[in-house]
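In: what shape does this take:
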Amino acid sequence: QVRLVESGGGLVQPGGSLRLSCVASGIFLGNYDVGWYRQAPGKQRELVAVISSDSSRNYADSEKGRVTISRDDANNMVYLQMNSLKPEDTAVYYCNAAWTAARREYWGQGTQVTVSS
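Out: Now for the predicted structure:
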């Protein structure tokens, strides 16, 4: 059974930082492009950052300079470091693993990030 489990969310003040973690079981994340997405209430899910299986990175324009995505294939994990958080970053953050050639895609259950004073 494949599982992606996110952690690291919580309540943080504006300007603060969080590091989200995504750990996989049942698959080897090194074979996958792994992305972090977020969905705020009443809004569509949007991409925050993605790291490919060859470790190239892409970021949403709104997040460049504030977030860093990284992977630790030895521990089957992907991280999202978020700095200078703003209230508009409040959302549920989801981990996604996609292996396009194999037509495999998996989602985690999400972790809540709330930025508020």
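In: which SS state does the residue nearest the centre of the chain fall under?
Out: The residue at the geometric middle of the chain, judged as the C-alpha nearest the mean C-alpha position with CA atoms, centre = their mean, is W36 (2.6 Å). Reducing the assignment to helix, strand or coil with DSSP: H, G, I helix; E, B strand; the rest coil, the entry for W36 is strand.
In: quick one: it from S117, how far?
Out: As judged by CB to CB, to the nearest Å, W36 and S117 stand 24 Å apart. C-beta here means a position set from N, CA and C on the backbone, and glycine is covered the same way.
In: could you do L85 as well?
Out: Taken as CB to CB, the spacing of L85 relative to S117 amounts to 11 Å.
In: for this structure, what spans make up the strands?
Out: Along the chain, counting by DSSP state E, strands occupy 3-7, 10-12, 18-25, 33-39, 46-51, 57-59, 67-72, 77-82, 91-99, 104-107, 111-115.
In: dump these into JSON lines; add mean pLDDT as well.
Out: Shown next, in JSON lines, are these (pLDDT from 0 to 100):
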{"stretch": "strand 3-7", "mean pLDDT": "98"}
{"stretch": "strand 10-12", "mean pLDDT": "98"}
{"stretch": "strand 18-25", "mean pLDDT": "98"}
{"stretch": "strand 33-39", "mean pLDDT": "98"}
{"stretch": "strand 46-51", "mean pLDDT": "98"}
{"stretch": "strand 57-59", "mean pLDDT": "96"}
{"stretch": "strand 67-72", "mean pLDDT": "97"}
{"stretch": "strand 77-82", "mean pLDDT": "98"}
{"stretch": "strand 91-99", "mean pLDDT": "97"}
{"stretch": "strand 104-107", "mean pLDDT": "96"}
{"stretch": "strand 111-115", "mean pLDDT": "98"}
